[in-house]
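# Give me coordinates for this.
(chains A and B)
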Amino acid sequence: MDYFIELFFGGLTRGSIYALIALGYTMVYGIIGLINFAHGEIYMIGAFTSFIVATVLSIYGFPLLAIVVIAGLAAAVWSSAYGFTVEKLAYRPLRKAPRLAPLISAIGMSIFLQNYVLLAQTSDFLPFPELIPEFAFMEPVAHVVGSSDLVILITTTLVMVSLTCLIKFTKIGKAMRATAQDKTMAVLVGINVDRVISATFIIGSALAAIGGLLIASHIGQINFYIGFIAGIKAFTAAVLGGIGSIPGAVLGSLVLGLTESFATGYVSSDYEDVFAFSLLVLILIFKPSGLLGKAETKKV
Amino acid sequence: MQAGLKMKMFSAAIVFGFAMTIPVIGTAGDTIKLGVAGAQSGDLASYGLPTVKAAELVVAQYNAKGGINGKMVELLIEDDVCKPEVATNTATKLVTDGVDVVLGHICSGATKAALPIYKEAGIVLMSPSATNPDLTQSGDYPNFFRTIASDDAQAKTEVEFAINTIGAKKIAVVHDKGDYGKGLAEFAKKFIEESGKAEVVLFEGVTPGAVDYTAIVQKIKRKGADAVIFGGYHPEASKIVSMMKKKRLKITFISDDGVKDDTFIKVAGKNAEGVYASGPQDNSANPISVAAIEAHKKTYNEDPGAFYENAYSAALALLNAVEKAGSTDMAAVIKALQTETVETPVGSIHFDERGDAVGVGFAMYQVVNGKYVPVK
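Numbers count the residues shown, from 1 in each chain, chains lettered A, B, ... in the order given. Prediction:
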């Protein structure tokens, strides 16, 4: 039973890590129907930004809490700027083009950003400072749930709840839902669709950046390539949960994380990905729109 | 009629034979041709170029003394970019150019592809870096030698250390699913099982680059392992040791020369403390090694690169064997390599009947205060 609980919490942490990235995928898809492959790179840029800021601040001897807050804010702002720019440069000019064009453009952006960081920073792995300290009160259960696991779990929950509230109860949220339903109609009733889409990219990128900080601090290392693998897994999770749905992205991520953790624990880590993707195939066979996705009705 | 034709063909063959051999004898009489083959361009050039420099230095040293048995040594340098399909061309070119002995190739795959060509031509080959066990253990290539220990020797060093020095009884063997890491892990598993003194409680591969290794660490803990042998490179190793620390798992972590790298210590930080890794023997106390490195610094104004000492040793061993054998005939050179001990930067070596250098091996290192130090 202990072993089960250990694996369960391991899976929860892993799922929450995926969720922080998957939310960005699902938001963008929900609104403009684009799979933003550059999203993983935005997460990576967030991790690098917080790395640089945290390193500089710790040289000046700032307290840990201040470092976390400032580095998180800086990463969120900087990544949002990237997300905003990527949308403006690579997707907006293609908005009226066939669906394939922005998809290819997104893959191009992903490759470009990876190589840009590779050239501008380094190809080496960098040690990421431990920004989440070991809390003393967690010590008795640290072998099951560590401090960074706890922080990641709490953050993911908070982010999911506040995002749902934002979309349900605020003006921009309403505009987002309208844009998602029918872009032309939204324009007709006076919604600035371009601004709504920009806002979506900014929010998604900021979330990815915060994820970048937390995850990098949990794992302890970063390099230019981390966004690719994390991005693929998060994308899978978003599809699993029903792409376009916010609770779906979180649920899909948790299901994926738990599956991987139990597959490793009870079968073999050699088959971790086999189980994860078999599950994806199975769910898509029986529920093509994902766990919580809305079935797409053909508009006639 | 028939006898007459035979006679004519015979004499034609003799004439033709003379025509073929005369120029060969002419050049072979002047120099001994040492071929150097390996990656000299492309993304693996950094593995092959130090070998060229080592060969240049050793040859210059021999020629300064008046060559071998009165003949000067000449270098034939050919690039194979570490690709098997290019390596066969490289080998054919060297053979056509009349090479006597070859230092190379660098990568195991390229070496394997080129070997049959040299074998057919009766040419001895010595690699400073090809570590694939099959090259010597298959017995297919009597003309192949190397001055680096094979991959299984490394696994053997790790296993013996884990069982005899650490006293591990239950060992978890983990790898990164790559050729290098998995290959090593499989050998480690085999040696542990053969020893009969410890058991393999876990043998699994992890996905490189995965975001989180909690599950595998929990599994290692559950299996009650008292040591982990990891086959792979430093990014995964540092994630696993950090996660072991986070999950309060205090057992010995043993890894390979893919982890015996300062980047591992830089990335894993204080979690790296106490980690063991195998790596090539430390030759810094060997005066020949010191002299070889000094010569490199003096001639090229930089520190030597990968496999430099192994290449330097291979060049010395090859030329020494040619000198002692008194000819470049394959059988004579092989006999000299097996019987004559030669002083080289990697120690005092000769070769066993399979072609592996006796006296070259791996040693264990441990991270102590942020540095790898040899384990006494």
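
# Close to chain B: what parts of the stretch 201-300 of chain A are there?
Within the stretch 201-300 of chain A, the positions adjacent to chain B are A:215, A:218-221, A:223, A:225-226, A:229-230, A:233, A:260-262, A:264-265, A:268-270, A:272-273 by C-beta under 8 Å from any C-beta of the partner chain. Placement of C-beta: from N, CA and C, glycine included.

# Report the buried members of those.
A:215, A:218-221, A:223, A:225-226, A:230, A:233, A:260-262, A:264-265, A:268-270, A:272 (16 or more other C-beta atoms under 10 Å in any protein chain shown).

# From these, which land in strands?
When DSSP state E is applied, those are split such that residue A:221 fall in strands.

# for chain B, which spans come out with low pLDDT?
In the predicted model of chain B, residues B:1-29 satisfy pLDDT under 70.

# Show me the residue at the heart of it, geometrically.
Residue closest to the average C-alpha location in chain B (C-alpha atoms, centre = their mean): residue B:129, at 2.7 Å.

# where does that residue sit relative to chain A, distance-wise?
23 Å (C-beta to the nearest C-beta, to the nearest Å).

# what's the closest non-adjacent residue to that residue?
Take residue B:129 and drop its neighbours on the chain: the residue closest to it by C-beta to C-beta, 6 or more residues apart in numbering or on different chains is residue B:307, 4.4 Å away.

# Pretty sure residue B:148 is one of the things that neighbour touches, is it not?
Yes - at 7.1 Å, residue B:307 counts as touching residue B:148 under the criterion of C-beta atoms under 8 Å.

# what's the overlap in contacts for the two?
Common neighbours of residue B:307 and residue B:148, counting by C-beta atoms under 8 Å, 6 or more residues apart in numbering or on different chains, are B:128, B:129.

# Up against chain A, what does the stretch 1-150 of chain B have?
If contacts are counted using C-beta under 8 Å from any C-beta, no residue of the stretch 1-150 of chain B sits beside chain A.

# the helices in the stretch 1-150 of chain B, which residues?
B:2-28, B:45-64, B:84-96, B:108-121, B:134-137 (DSSP state H, counting those that start in this stretch).

# pLDDT wise, what is the closest residue to chain B within the stretch 151-300 of chain A at?
Per C-beta to the nearest C-beta, residue A:264 is where the stretch 151-300 of chain A lies closest to chain B, at 3.7 Å. Per-residue pLDDT puts residue A:264 at 92.

# quick one, what contacts it?
Residue A:264 makes contact with A:7, A:272, B:215, B:216, B:219, according to C-beta under 8 Å, 6+ apart.

# so the fourth one is in which element?
So that's residue B:216. Per DSSP states H and E: residue B:216 is located in helix B:214-222.

# Go ahead and name everything in contact with that helix.
Contacts of helix B:214-222 (C-beta under 8 Å, 6+ apart): A:3, A:6-7, A:10-11, A:13-14, A:143, A:260-262, A:264-265, A:269, A:272, B:172, B:174, B:202, B:204, B:206, B:228, B:240, B:243-244, B:247, B:249, B:251.

# Please apply the same query to stretch A:194-206.
Applying C-beta under 8 Å, 6+ apart, the contact partners of stretch A:194-206 are A:23-25, A:27-28, A:31-32, A:36, A:39, A:42, A:46, A:76-77, A:79-80, A:82-84, A:86-88, A:92, A:163, A:166, A:172, A:175-176, A:179, A:186.

# can you count the residues close to the residue nearest to residue A:99 when sequence neighbours are not counted?
Nearest residue to residue A:99, sequence neighbours excluded (C-beta to C-beta, 6+ apart): residue A:33, at 7.2 Å. Residues near residue A:33, counting by other C-beta atoms under 10 Å in any protein chain shown, number 13.

# do you know how far residue A:33 is from residue A:181?
12 Å (C-beta to C-beta, to the nearest Å).

# Residue A:102 too?
In terms of C-beta to C-beta, residue A:102 sits 20 Å off from residue A:181.

# what's the answer for residue A:41, then?
Going from residue A:41 to residue A:181 by C-beta to C-beta gives 29 Å.

# so what's residue B:285 up against?
For residue B:285, the contact set (C-beta under 8 Å, 6+ apart) is empty.

# could you say which helix or strand contains it?
Assigned by DSSP H and E, residue B:285 falls within no helix or strand.

# Roughly how far does it sit from residue A:158?
Distance, residue B:285 to residue A:158, by C-beta to C-beta: 59 Å.

# Now stretch A:125-138 - C-alpha only, PDB.
Output of stretch A:125-138 as PDB, limited to C-alpha atoms (Å, rounded to 0.1, in the frame of the first residue of the first chain):
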ATOM      1  CA  PHE A 125      22.800  21.400 -19.300                       C
ATOM      2  CA  LEU A 126      22.700  24.200 -16.700                       C
ATOM      3  CA  PRO A 127      22.200  23.500 -13.000                       C
ATOM      4  CA  PHE A 128      19.000  25.200 -12.000                       C
ATOM      5  CA  PRO A 129      19.000  26.600  -8.400                       C
ATOM      6  CA  GLU A 130      16.800  25.000  -5.900                       C
ATOM      7  CA  LEU A 131      14.200  27.800  -5.600                       C
ATOM      8  CA  ILE A 132      11.700  25.700  -3.500                       C
ATOM      9  CA  PRO A 133      13.400  25.000  -0.200                       C
ATOM     10  CA  GLU A 134      12.900  21.800   1.800                       C
ATOM     11  CA  PHE A 135      10.200  22.700   4.300                       C
ATOM     12  CA  ALA A 136      10.800  21.300   7.700                       C
ATOM     13  CA  PHE A 137       7.100  20.300   8.200                       C
ATOM     14  CA  MET A 138       7.300  18.100   5.100                       C
END
